[in-house]
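Fold the following for me, if possible:
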Amino acid sequence: MIGAIIGDIVGSRFEFSAPPEEGFTLFTEECDFTDDTICTIAVADAAMHGGDYRQALLKWCRKYPDPMGGYGARFYHWINSDNPQPNNSCGNGSAMRVSSLGWLFDDLDKVKEEAKRSAEVSHNHPEGIRGAQCVASVIYWLRTSRVSKERIERAVVKGFGYEIPSLSDVNRIGGLGHFDGTCQETVPMALRCLIDGSDFEDVLRKAIMADGDTDTKGAIAASMAEATYAIPDELVDKALSLEGDNRIHAGQMVSGDWFVDTKDKMREIIGHFPDAKAVDMESCAIAQVCHIYKVPFISFRVISDIPLRDTDASQYHNFWDTVAENSFHVTKTFIESL
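Take a look at the predicted model:
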């Protein structure tokens, strides 16, 4: 499942920012693990220790309540409910977290049964279950050599009924700014990247270049690629060397008088300010006064939300539960560095 984690981390910095360019650097300081990695580890934890998938997901997601990009709105509510119930979701989260099951079980029927169990605790829509079962089955087929990579497309069409788009169609959809958030969108796209890729890194790059939900598409494609290609040691080392919570980034912030609530707005800002790290609505006025009176000025901002990660501002509301602790951590770290 390290393939899924690498794909998640590499894709993380493009999910809500400028689209990737050919030859992009795989790991930069803007990369981090997201909810994809957390949920992948949770499912593996449950499967390896005979645990309950629901409880494992709650344990791990509540342990890491504020990953890069946060959690999707429906899943965030599921995590924080007193009695979480399946919500008929067909989101691609069920497919991105399932990779370990293709490795841990040695019978295809068992792989599919466990994939279904892992999905239906939250994503019990037929498409959510199909996506999880398909990804886990492809991993099982490839790592056991039951099906060769050259025959994967035929096996997937026959076994799961997916129509797998051409790579040009995958890239065209991403180029239109479409955000693929469902299993029935992301899984076929990731499969095309796997089928057309020539090695692990090539599969991963194809998935990220398709834009859209880059971390999840990267996680799914790379999780399947791991079953047929060797992962370069340097990629594993990079993924495992990331720092933990509350990473601090220094750089340019931009300020405006409206909420950044669409990807188009984000890309317009990045077009004018390609080095911008964040947008806020308050610092500019303070900075202007400090500039006029020649007072040194520095601004710390704790990120409250990332546009398009959810649709009902749950990420923003959750921010208020952690802002004091996170602000203290950032300020303390800065003072100690002086």
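
Going along the chain, name the helices of the stretch 1-150 of the chain.
The residue ranges that make up the helices of the stretch 1-150 of the chain, judged by DSSP state H, counting those that start in this stretch, are 2-12, 35-48, 53-63, 73-79, 93-96, 101-104, 108-120, 126-144.

Including distance to residue 238 and mean pLDDT, could those go into CSV?
Using the backbone N, CA and C atoms, a C-beta is placed for each residue, glycine as well. Below are the helices of the stretch 1-150 of the chain laid out as CSV (distance: least, Cβ to Cβ, whole Å; pLDDT from 0 to 100):
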stretch, distance to residue 238, mean pLDDT
helix 2-12, 8, 96
helix 35-48, 14, 96
helix 53-63, 22, 96
helix 73-79, 27, 92
helix 93-96, 20, 97
helix 101-104, 21, 96
helix 108-120, 27, 98
helix 126-144, 22, 97
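
Pick the most deeply packed of those helices.
The highest average neighbour count among the helices of the stretch 1-150 of the chain, using mean count of other Cβ atoms under 10 Å, belongs to helix 93-96 at a mean of 31.

Against which helices or strands is that one packed?
Packing contacts for helix 93-96, counted by 3 or more Cβ pairs under 8 Å, 6 or more residues apart in numbering; DSSP states H and E, involve helix 35-48, helix 126-144, helix 183-196, helix 214-225.

now could you export just the CA positions of the first one as CSV?
The reference is to helix 35-48. Provided in CSV are the C-alpha atoms of helix 35-48 (Å, rounded to 0.1, in the frame of the first residue of the first chain):
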residue,chain,number,x,y,z
ASP,A,35,-7.0,11.9,4.2
ASP,A,36,-6.2,9.3,1.5
THR,A,37,-3.2,8.0,3.4
ILE,A,38,-5.0,8.1,6.8
CYS,A,39,-7.9,6.0,5.5
THR,A,40,-5.6,3.6,3.7
ILE,A,41,-3.7,3.0,6.9
ALA,A,42,-7.0,2.6,8.8
VAL,A,43,-8.3,-0.1,6.5
ALA,A,44,-5.0,-2.0,6.6
ASP,A,45,-5.0,-1.7,10.4
ALA,A,46,-8.5,-3.3,10.6
ALA,A,47,-7.7,-6.1,8.1
MET,A,48,-4.3,-7.0,9.7
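
can you tell me how far residue 262 sits from residue 253?
Distance from residue 262 to residue 253, counting by Cβ to Cβ, to the nearest Å: 19 Å.

For residue 116, find the nearest of the helices and strands packed on helix 93-96.
helix 126-144 (5.2 Å; Cβ to Cβ).

and the helix or strand following the closest one with helix 214-225, angle?
Toward the C-terminus, helix 126-144 is succeeded by helix 152-160 as the next helix or strand (DSSP states H and E). Between the axes of helix 152-160 and helix 214-225, defined by axes from the mean of the first three to the mean of the last three Cα atoms, to 10 degrees, the angle is 100 degrees.

Please enumerate residues in contact with the helix or strand just after helix 152-160?
Using DSSP H and E, the helix or strand that follows helix 152-160 in sequence is helix 167-175. Residues from elsewhere that reach helix 167-175 (Cβ atoms under 8 Å, 6 or more residues apart in numbering): 19, 165, 180, 189, 192-193, 196, 206, 209-212.

Pick out the most distant pair among these.
With distance counted by Cβ to Cβ, no two of the contacts of helix 167-175 lie farther apart than 19 and 196, which are 19.2 Å apart.

Which residue of these two possesses the greater neighbour count?
Neighbour tally, residue 19 and residue 196, criterion other Cβ atoms under 10 Å: the higher count belongs to residue 19, 18 against 14.

Before I go, just wanted to say thanks for your time.
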